[in-house]
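> Quick one, fold the following:
(chains A and B)
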Amino acid sequence: MAHVSDLISVDIDKYLDSHHHKSLLRFITCGSVDDGKSTLIGRLLYESKMLFEDQLAALEADSKKVGTQGGELDFALLVDGLSAEREQGITIDVAYRFFSTDKRKFIVADTPGHEQYTRNMATGASTADVAVILIDARKGVLTQTRRHSFIVSLLGIRKVVLAINKMDLMDYSEQVYDGILADYRVFAQKIGITDITPIPLSALRGDNMTERSPHTPWYAGPTLMDYLETVEVEEYALEQPFRLPVQWVNRPNLDFRGFSGLIAGGSIRPGDRIKVLPSARESTVTRIVTYDGDQESAIAGQSVTLTLADEIDISRGDIICKADAPAPVADQFEATLLWMSEENLIPGRPYLLKIGAKTVGASIAHPKYKVNVNTLEQLAAKTLELNEIGISNLNLDQPIAFDPYAENRETGGFILIDRLSNDTVGVGLINFALRRSQNVHWQALDLNKTVRAEQKGQKPAILWFTGLSGAGKSTIANLVEKKLYALGKHTYLLDGDNVRHGLNKDMGFTEADRIENIRRVAEVSKLMIDAGLIVLVSFISPFRAERQMARGLVQDGEFLEVFIDTPIAVAETRDPKGLYKKARAGEIKNFTGIDSPYEAPENAEIHIDTTSLSAEQAAEEIISALQKAGIV
Amino acid sequence: MSTLTHLQQLEAESIHIMREVVAECENPVMLYSVGKDSSVMLHLAMKAFYPSRPPFPLLHVDTTWKFRQMIEFRDSHTKDLGLDLLVHINPDGIRDGVGPFTHGSAVHTDVMKTASLKQALDKYGFDAAFGGARRDEEKSRAKERIFSFRSAQHRWDPKRQRPELWNLYNARHHKGESIRVFPLSNWTELDIWQYIYLEKIPIVPLYFAKERPVVERDGTLIMVDDERMPLAPGEVPQMKKVRFRTLGCYPLTGAIESEAETLTEIIQEMLLATTSERQGRVIDQDASASMEKKKQEGYF
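Next up, the predicted model:
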């Protein structure tokens, strides 16, 4: 790994000293294999002398064996050595490559392949300072160039290198270069990319890669390596107001209480007045504690621990700001979403949202529109599919401190997590808070659930009956309610069909409507719990996630899932309302069990098998389960 | 206000990763291999939680064939730092007398390292394990996530890896599943050495050149670390000035002839070197077993 510097052999100490002050540049390369992207990265690795002899020997051998350059060194093989993985069916998404020169260390995010492109590019772009967008000089600005540029601009990369490659195949023509550049500028302006550095290249021949090419005397700009080594990485985060998302409360003993985190914006010094959000409590920084001793100041990008003058309540997920420049706090936002899962976005479904160190519940409204990444057209959308980008409003279950993504990537970018699979299903960029979220306040009341329940001499609970249509939910729930009434309990039965005549009159039977249907009923049940009632809910409620959401609204032990387990064949024979028949005839769409799935409960508190119990026996069994649970 | 150097940025990132794991996982552990990367990882952990001690134990999966100096260093260094060290040796391997000379490197590694690690993780019920692997080590690691998910059977499912954007890591997992976390993902070998030099981090003396008894096996210099090394009739180990670029089981780790006795000399030698770090690892030369396959099976 011969870094070409005489200092290495002459004065290693001096060399090392100079190298401790190297800066780091993260960049992303955008383009397909056809554009010569792998060749470009391979040559950067080669030219930076980051290859060892054994690797070079392997490259020479591979070039002769499978290379595409007639036995000449095929640099693409340095980064494309993934054929074995392709055979194994392993998804190649984002690969990170490393090299350094005497001036800088580089981390390259390389996103090969055409599939999954939006997702992978967004991932690579999220941490990049610079994007190198490749254009094949023979083809000019293509649809994919526009797509790559749009994603780059969306993720907030401000500096773009337009690498006009394969100039050797166009006789290094200045006209060709000028034409492509002019085309690109027209488009770039539309999406707000202004800092463009165009470079005529041949990655294959090495023109303008590290040495100025004799073939392009008309070009006066930097070589690619010159640019990468010297481009000023905007200290954008540093200029932003101070933000410390609290990751971890550091309590080694009773005398020390520190707040640890990676500073996401600005700088801080002991003595600075701070405000903790969302609680809005204030204090003063006393120390910036590190293993290497206390610091006089700390800046964006450093992982630190702060101590404060006052004992105020701070927990993981809070954001410490300077008191004079606090972050806004809200629970409703407009955001740009990129969907990353093969399961489509389901509006209304409760997801988890992680932003900074905070994880909250979130539901997403129907997209206002989605964006065709190739044409930038805005299209109507009911959902977002894998790799689609759209704009939606979000509703959180609690307020959070944030910044618009355009102002701060770390406090304005979030991921969405599926509650059941735990997978990361999407990412979002906060555009702005919705005004209404800052103006609706929770009304504190003097009486509460406990006193209301005590007055009735009971423990409030939700009995959530779920099962197929015709399973016997309503019949059994009705019997249970009668028995509870006879025991002197205060109850209310919310029946799916009945609620659809009023509160949920406007709801259809699509997946999204079913979710909203359940959400409303769950919220109504919660209010009834608060009133001290025992609520019986009889709804097909086919999706686990929604039942989970309803469960999450109330306290542990208050939600009892009652699975009325009837095989579809049996329910279909019963068909009390003639619905299965209609569904089979195609007269009803999205009918649970026929053309819409039913996700059976995995751990229902009460499981009723109706093939072996009569409705009366089932009701008895539920009452005895309630007695065991201490509800009655 | 000055901007951060590349090492300061890497340090801050690694610390952030460790704190996330501690905040989001129930029972983390740090896999401590005693090598230079482990030394750096441990040093970063000391920084991440200061003035608290790292709130997790260290786990060393001992194959019983590690260099003796590694074990000495392990015991004294962790004691100096006041850390909780767990050592696990696969009892099945001991019972069956598994070793590199009798069973070959592939079986030895599989039983004493891969299976042993799974045993230890199951035994203590760890749901997150820090490892010192770097993305620059090998092509297949270049695309490995920082948070790498394993099924309850410890298998790596490349299709279920989660996208990692910004500094946001999703560490949620089901009961029984675990996460391997690589806080040094973005460090290179040179970064590691520069950081050791800058921070004066203690490392095992085997990294420094010294006269040591070695024999040559298939063109590789193997140090005779104890009497278990089988010698040909009449074969006498030769004293050569050697050092090691990576450390592992002594029969599987090639030494290089070197004059580098100090850290700066090591770095100098590395900068002028012409072969890559992993060349000294006999395990990588087993053609049948790609790193990718090993990883799927649970090798770190």
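
> what's around residue 269, how many residues?
Since no chain was named, I'll use chain A. Per other C-beta atoms under 10 Å in any protein chain shown, the neighbour tally for residue A:269 reads 12. C-beta here means a position set from N, CA and C on the backbone, and glycine is covered the same way.

> Not quite, go with chain B.
Residues near residue B:269, counting by other C-beta under 10 Å: 18.

> cool, and residue A:232?
As a burial measure, residue A:232 scores 10 neighbours (other C-beta under 10 Å).

> residues touching residue B:184, list them.
Listed by C-beta atoms under 8 Å, 6 or more residues apart in numbering or on different chains, the contact partners of residue B:184 are B:14, B:37, B:40, B:41, B:132, B:133, B:134, B:192.

> Selection in PyMOL covering whichever of those are buried, please.
In PyMOL, this line selects whichever of these come out buried by 16 or more other C-beta atoms under 10 Å in any protein chain shown:
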select buried, chain B and resi 14+37+40+41+132+133+134+192
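
> Can you add pLDDT and distance to chain A and give the contacts of residue B:184 back as JSON lines?
What follows is these, written out as JSON lines (pLDDT from 0 to 100; distance: C-beta to the nearest C-beta, whole Å):
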{"residue": "B:14", "pLDDT": "98", "distance to chain A": "8"}
{"residue": "B:37", "pLDDT": "95", "distance to chain A": "15"}
{"residue": "B:40", "pLDDT": "97", "distance to chain A": "14"}
{"residue": "B:41", "pLDDT": "97", "distance to chain A": "14"}
{"residue": "B:132", "pLDDT": "93", "distance to chain A": "16"}
{"residue": "B:133", "pLDDT": "91", "distance to chain A": "13"}
{"residue": "B:134", "pLDDT": "92", "distance to chain A": "9"}
{"residue": "B:192", "pLDDT": "94", "distance to chain A": "12"}
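
> Just the contacts of residue B:184: which are in strands?
Judged by DSSP state E, strands contain none of the contacts of residue B:184.

> Contacts only, for residue A:552.
Going by C-beta under 8 Å, 6+ apart, residue A:552 touches A:350, A:361.

> what helix or strand is it on?
For residue A:552, the host element (DSSP states H and E) is helix A:544-553.

> Looking at that helix now, give me its mean pLDDT.
In this model, helix A:544-553 has an average pLDDT of 88.

> Over to stretch B:70-90?
95.

> in that stretch, what counts as buried?
B:70, B:71, B:73, B:74, B:77, B:78, B:81, B:83, B:85, B:88, B:89, B:90.

> May I ask you to confirm that the fifth one is in contact with residue B:202?
Pointing back at residue B:77 there. Yes: Residue B:77 is within contact range of residue B:202, at 6.1 Å (criterion: C-beta atoms under 8 Å).

> Please name every helix or strand in contact with the longest helix along chain B.
Longest helix of chain B, by residue count under DSSP state H: helix B:6-24. With contacts taken as 3 or more C-beta pairs under 8 Å, 6 or more residues apart in numbering or on different chains; DSSP states H and E, helix B:6-24 sits against strand A:23-30, strand A:248-253, strand A:256-262, strand A:303-308, helix B:36-49, strand B:128-130, strand B:178-181, helix B:189-199.

> Please work out how many residues are found near residue 242.
In the absence of a named chain, this looks at chain A. Counted with other C-beta under 10 Å, residues neighbouring residue A:242 total 26.

> The intended chain is chain B.
When neighbours are defined as other C-beta under 10 Å, residue B:242 has 19 of them.

> How about residue B:38?
Counted with other C-beta under 10 Å, residue B:38 comes out at 23.

> ok, it - contacts?
Contacts of residue B:38 (C-beta under 8 Å, 6+ apart): B:31, B:32, B:132.

> Next, check the buried residues of stretch B:70-90 against the strands and list the overlap.
The strands, defined by DSSP E, take in B:85, B:88 from the buried residues of stretch B:70-90.

> can I get the buried residues of stretch B:70-90 in a markdown table with distance to residue A:118?
Below are these laid out as a markdown table (distance: C-beta to C-beta, whole Å):
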| residue | distance to residue A:118 |
| --- | --- |
| B:70 | 47 |
| B:71 | 50 |
| B:73 | 48 |
| B:74 | 46 |
| B:77 | 47 |
| B:78 | 46 |
| B:81 | 46 |
| B:83 | 44 |
| B:85 | 46 |
| B:88 | 44 |
| B:89 | 48 |
| B:90 | 45 |
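
> Going by residue numbers, what spans are helices in the stretch 51-200 of chain A?
Secondary structure of the stretch 51-200 of chain A by DSSP state H, counting those that start in this stretch: the helices cover A:53-66, A:76-79, A:83-87, A:117-125, A:143-154, A:174-190.

> nearest to residue A:351, of the helices and strands packed on helix B:6-24?
strand B:178-181 (20.5 Å; C-beta to C-beta).

> pLDDT below threshold where in the stretch 1-150 of chain A?
The model of the stretch 1-150 of chain A has pLDDT under 70 over residues A:1-6, A:32-33, A:49-56, A:66-72, A:77-92, A:112-116.

> I'd like to know how far residue A:38 sits from residue A:224.
Residue A:38 is 15 Å from residue A:224, where distance means C-beta to C-beta, to the nearest Å.

> for the chain, what's the longest strand?
Since you didn't name a chain, this refers to chain A. strand A:389-401.

> that answer is for a different chain, and I need it for chain B
strand B:210-217.

> Chain A contacts on the stretch 1-150 of chain B?
B:1, B:3-13, B:15-16, B:19-20, B:22-23, B:46-53, B:135-136, B:139-140, B:142-143 (C-beta under 8 Å from any C-beta of the partner chain).

> quick one, what contacts residue 25?
Going with chain A. For residue A:25, the contact set (C-beta under 8 Å, 6+ apart) comprises A:104, A:105, A:106, A:107, A:129, A:130, A:228, A:231, A:233.

> that's the wrong chain, I meant chain B
Contacts for residue B:25 (C-beta under 8 Å, 6+ apart) come out as B:127, B:128, B:171, B:173, B:179.

> Reformat those residues as a markdown table; add pLDDT and neighbour count.
Formatted as a markdown table, the contacts of residue B:25 follow (pLDDT from 0 to 100; neighbours: other C-beta atoms under 10 Å in any protein chain shown):
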| residue | pLDDT | neighbour count |
| --- | --- | --- |
| B:127 | 94 | 22 |
| B:128 | 96 | 23 |
| B:171 | 94 | 20 |
| B:173 | 91 | 19 |
| B:179 | 93 | 24 |
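
> returning to what we had before: drop anything exposed from the residues of the stretch 1-150 of chain B next to chain A.
Buried among the residues of the stretch 1-150 of chain B next to chain A (16+ other C-beta under 10 Å): B:4-13, B:15-16, B:19-20, B:22-23, B:47-50, B:52, B:135-136, B:139-140, B:142-143.
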